[in-house]
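[1] pasting the structure only:
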């Protein structure tokens, strides 16, 4: 330690001899504080220690803060003999403060001042929680499960999600009880609503394995009542527990529809539209879906006995709504008049066996009437389909332009007649590129300009054009400006 001794030295001019002055010091001691992991004795950096001369209760005795280095040690030199108190103020990151042993008192005796004294502080790692999510039946790990993890009784929580390996590791937890709650199950699985309480133990990785059952599937099957053969095209409505929400499904080519990953509970299924050629089964069926237990609901349909009229576009084969048909016994009594629905269909199921005549009496809007009647024989136990096609009526497009600029001209009046002189109508052009005259039957037409736009000469040459099915026909008229007077 330091000395208060003062030596006075007089060095004369010309003196070449070495003058020696000796100071005697009592030795200082060195104190090393070592911070280690209690489980493996590995040195830990980042621990903060406070050092007091005497007791920590004496605020005037505070000597300072020291931090453990990379090897977990810190050395404090030049300490005088006496009592010292070492307080671990802050544990290294990821470690718990040892509440029982975080304060240590030592005495440095005069006879030990030339030695280095080492004090060891041990810490346990903070607890870790390893959550593993598995399929309850197969044991396979499941990614995508979302959990809320909180200290028991606390409203604050952490939200974590299992990764691709079906696990999630939470580190740096406190020595306490935690509650784990699943808030979103993996895709296709039923939510586990249980709350799991787990005790975190310092220095330990606590495992928590949670399992889920798969959400149930519902297989809806539609069969012919007589043959038990599957029937595609049935529309059915599935509703859960009399809820307002529902889903409509249609049986496919394999006569089934599989509804996957439903919530467990009671469901009702009813048929809303029968397959073509079958009678609707209006029975409402109830089924309970249980986790990991797929269920099957089967509906049976009786085949229709009747006449099926189908109306389609001749080019696109699209069904046509609004076609009106007259059905009569062949050469005799009128049965009735019927109109195709939005599927382009009419079904008559109360006919007696025999021959019938079907004729179209009104075409769908924009279509040409198919005025060829069809005779068909209806036999009991059969479902007879008769198909009618319609051609789309074609438009004439008239273009009226300035002879110099090519700009469209408004205000021109045109008359359209059939080739036989039958009047079709009078039409006026606008500033649009074309005057469109829709829904004309195929044939020859004459287009004549009867009034020129203001300031233009009349083009009085009629044009004869042919209108073909499903193809617009275009005709162009050119006008010259009226000559002006130049002065």
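    Looks like it came in fine. On a predicted model such as this, the values are computed, not experimentally measured, just so you know.
[2] Nearest spatial neighbour of residue 293, chain-adjacent residues omitted?
    residue 216 (5.6 Å; Cβ to Cβ, 6 or more residues apart in numbering). (C-beta placed from N, C-alpha, C; glycine too.)
[3] Let me see the contact set for residue 179.
    Residue 179 sits next to 149-152, 195-198 when contact means Cβ atoms under 8 Å, 6 or more residues apart in numbering.
[4] The residue nearest to residue 293: neighbour count?
    Counted with other Cβ atoms under 10 Å, the neighbours of residue 216 add up to 23.
[5] mind listing what it touches?
    262, 264, 289-295 are the contacts of residue 216 under Cβ under 8 Å, 6+ apart.
[6] and which of the residues you listed is nearest residue 88?
    Residue 88 has its nearest neighbour among the contacts of residue 216 in residue 291, at 51.3 Å by Cβ to Cβ.
[7] what's the pLDDT at residue 452?
    pLDDT, residue 452: 90.
[8] measure it to residue 412 for me?
    Computed as Cβ to Cβ, to the nearest Å, the residue 452 to residue 412 distance reads 6 Å.
[9] Name the residues contacting each of those two.
    Joint contacts of residue 452 and residue 412 (Cβ under 8 Å, 6+ apart) are residue 479.
[10] which one of these two has more residues nearby?
    Each of residue 452 and residue 412 has its neighbours counted (other Cβ under 10 Å); residue 412 has more, 25 against 20.
[11] wait, that one sits on residue 455?
    No - Residue 412 is beyond contact range of residue 455, at 11.5 Å (criterion: Cβ atoms under 8 Å).
[12] low-confidence ranges in this protein?
    1-5, 23-29, 112-114, 304-305, 381, 433, 484-487 (pLDDT under 70).
[13] Provide a list of residues in contact with the residue positioned nearest the centre of it.
    What sits nearest the mean C-alpha location of the chain, by Cα atoms, centre = their mean, is residue 187, with 11.9 Å. Residue 187 is in contact with 144, 261, counting by Cβ under 8 Å, 6+ apart.
[14] go again using 10 Å as the cut-off
    Contacts for residue 187 (Cβ atoms under 10 Å, 6 or more residues apart in numbering) come out as 142-145, 215, 261.
[15] Same list, those, but as a markdown table with secondary structure, neighbour count and distance to residue 347 please.
    Output for the contacts of residue 187, formatted as a markdown table (DSSP: H, G, I helix; E, B strand; the rest coil; neighbours: other Cβ atoms under 10 Å; distance: Cβ to Cβ, whole Å):
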| residue | secondary structure | neighbour count | distance to residue 347 |
| --- | --- | --- | --- |
| 142 | coil | 24 | 50 |
| 143 | coil | 15 | 51 |
| 144 | coil | 16 | 48 |
| 145 | coil | 28 | 51 |
| 215 | coil | 20 | 39 |
| 261 | coil | 13 | 36 |
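[16] before we move on, back to that, which residues are in contact with each of residue 412 and residue 455?
    With Cβ under 10 Å, 6+ apart, residue 412 and residue 455 have common neighbours residue 479.
[17] right, and the helix or strand after the helix or strand containing residue 33?
    Applying DSSP states H and E as the criterion places residue 33 in strand 29-37. Moving toward the C-terminus from strand 29-37, the first helix or strand encountered (DSSP H and E) is strand 48-53.
[18] could you give the angle of the helix or strand following that next one to strand 29-37?
    Where DSSP H and E defines the elements, the next helix or strand beyond strand 48-53 is strand 62-67. Following axes from the mean of the first three to the mean of the last three Cα atoms, to 10 degrees, one obtains 40 degrees for the angle between strand 62-67 and strand 29-37.
[19] Show me what counts as buried in strand 62-67.
    residue 66 (16 or more other Cβ atoms under 10 Å).
[20] what do you get for stretch 459-472?
    Those would be 459, 465, 467, for stretch 459-472 by 16+ other Cβ under 10 Å.
[21] Ends of it, what's the gap?
    Criterion Cα to Cα, to the nearest Å; first-to-last residue distance in stretch 459-472 is 23 Å.
[22] how far is it from where the chain is centred?
    Its chain's average C-alpha position is 54 Å from that of stretch 459-472, according to Cα atoms, centre = their mean, to the nearest Å.
[23] just checking, residue 379 touches residue 354?
    Yes - counting by Cβ atoms under 10 Å, residue 379 touches residue 354, with 9.0 Å between them.
[24] how about residue 101, what does it touch?
    For residue 101, counting by Cβ under 10 Å, 6+ apart, the contacting residues are 88, 120-123.
[25] Name the nearest of the residues you listed relative to residue 275.
    residue 123 (73.9 Å).
[26] Could you report the separation of that closest one from residue 65?
    Distance of residue 123 to residue 65, computed by Cβ to Cβ: 17 Å.
[27] What is the nearest of the buried residues of stretch 459-472 to residue 251?
    Using Cβ to Cβ, residue 467 comes nearest to residue 251 of these, at 44.7 Å.
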